[in-house]
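J.: the following comprises the amino acid sequence and a computationally predicted model.
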Amino acid sequence: MTKLSHRRIDSDHHHALVSTGTSTTIQLDSFEPRAWGQSAVSVSGSGRGSAWFVNTASGEQWVLRHYRRGGLPGKLIKDAFLYLGEPSVRSINEYKLLQTLYARQLPVPKPIAAHYCRTGLVYRAAIIVARLPGTRSLLTLNDKADRPLWEAAGQCIRQFHDAGVYHADLNATNVLVNPDSGQVYLIDFDRGALRTASPESTAWKRANLNRLQRGLVKHWPTNTGSSTPFFDALICGYR
């Protein structure tokens, strides 16, 4: 098990947890892309323009992500969340969950830091995780020759489910694959949780897979045909 530790930064309304295993100094402005200048590049397809690739002066490669609201609430309030105490802060929860999963050697990005700024009854949040170079979204692997990678993705999801890890937004864009090595990772554990890992607890696992399948039907490019063979390969690997 890989033990991770962190330190706190508290200043006025700002609060952060920062991994002690990074060679780059992180300050409170490090959670804003403008602080990185041209070293911060917007991540294509990150959803609502909320994520950036960051190259640090020490050579570390990170992903900075701001928390955004989706759906109808997101049209009214872009990035503010009701503050109910630090244990309810989304960035802090995701950071700590990633610490646990990384320590268990599950294939997730290494957590680097989490931040939130409280203003009255609301807060805004951000997280920094290590970038996974050489990886692609599972959604981009739509050739018949990619079927083994879909099977590997199914095996990866099963690994998390067997460990009792619930992913609140399991979709193909949150499954990253390195085509060269065949390594599969899960990312974006916002609102994720650890649940009972017993074989009897299957309802949430089925719901996870159903969500993934619905996403494929919705987002699959029309010129590539049906996503069914690929999802079937994923289920084959899962089983």
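T.: Looks like it arrived, so ask away.
J.: outline the domain layout of this protein.
T.: 6-130, 136-238 (automatic domain parsing).
J.: reformat those domains as TSV; add mean pLDDT.
T.: Formatted as TSV, the domains of the chain follow (pLDDT from 0 to 100):
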stretch	mean pLDDT
domain 6-130	90
domain 136-238	89
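J.: quick check: which element contains Gln105?
T.: Taking DSSP states H and E as the definition, one finds Gln105 inside no helix or strand.
J.: please report phi then psi for it.
T.: Backbone torsions of Gln105, given as degrees, to the nearest 10, read phi 60, psi 30.
J.: next one: Val175
T.: Torsion angles, degrees, to the nearest 10, at Val175: phi -110, psi 110.
J.: picking that back up, next, format the domains of the chain as a markdown table and append mean neighbour count.
T.: The C-beta positions use only the backbone N, C-alpha and C, and glycine is treated the same way. Below are the domains of the chain laid out as a markdown table (neighbours: other CB atoms under 10 Å):
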| stretch | mean neighbour count |
| --- | --- |
| domain 6-130 | 16 |
| domain 136-238 | 16 |
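J.: so where do the strands sit in the protein?
T.: Under the criterion DSSP state E, the chain carries strands at the ranges 6-11, 14-19, 40-42, 51-55, 61-66, 81-82, 111-119, 122-130, 136-137, 165-166, 175-177, 184-186, 193-194.
J.: which one of those strands lies closest to Ser88?
T.: strand 81-82 (8.3 Å; CB to CB).
J.: packing partners of the closest one?
T.: If you count contacts as 3 or more CB pairs under 8 Å, 6 or more residues apart in numbering; DSSP states H and E, strand 81-82 packs onto strand 122-130.
J.: packing partners of the strand it packs on?
T.: With 3+ CB pairs under 8 Å, 6+ apart as the test, strand 122-130 has strand 61-66, strand 81-82, helix 90-103, strand 111-119 packed against it.
J.: run through who's touching it.
T.: 26, 30-32, 54, 60-67, 79-83, 89-92, 94-95, 98, 109-117, 187 (CB atoms under 8 Å, 6 or more residues apart in numbering).
J.: wait, doesn't Val43 sit right on Phe53?
T.: Yes: counting by CB atoms under 8 Å, Val43 does reach Phe53; the two are 5.9 Å apart.
J.: between the two, which contacts overlap?
T.: Common neighbours of Val43 and Phe53 (CB under 8 Å, 6+ apart) are Val63.
J.: residues contacting stretch 9-22, please?
T.: Applying CB under 8 Å, 6+ apart, the set of residues contacting stretch 9-22 is 4-8, 26-28, 31, 60, 86, 92, 95-96, 110-119.
J.: ugh, wrong one, I meant stretch 148-165
T.: In contact with stretch 148-165 (CB under 8 Å, 6+ apart) are residues 101, 104, 106-107, 138, 141, 167, 170, 175, 177, 179, 182, 184-186, 192-197, 201, 205, 208-209, 212, 230-231, 233-239.
J.: which ones among those lie within helices?
T.: 101, 205, 208-209, 212, 230-231, 233-238 (DSSP state H).
J.: how about the residues you listed in JSON lines, adding distance to Gln155?
T.: Output for these, formatted as JSON lines (distance: CB to CB, whole Å):
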{"residue": "Leu101", "distance to Gln155": "16"}
{"residue": "Lys205", "distance to Gln155": "14"}
{"residue": "Asn208", "distance to Gln155": "15"}
{"residue": "Leu209", "distance to Gln155": "13"}
{"residue": "Leu212", "distance to Gln155": "14"}
{"residue": "Phe230", "distance to Gln155": "14"}
{"residue": "Phe231", "distance to Gln155": "14"}
{"residue": "Ala233", "distance to Gln155": "11"}
{"residue": "Leu234", "distance to Gln155": "9"}
{"residue": "Ile235", "distance to Gln155": "11"}
{"residue": "Cys236", "distance to Gln155": "9"}
{"residue": "Gly237", "distance to Gln155": "4"}
{"residue": "Tyr238", "distance to Gln155": "7"}
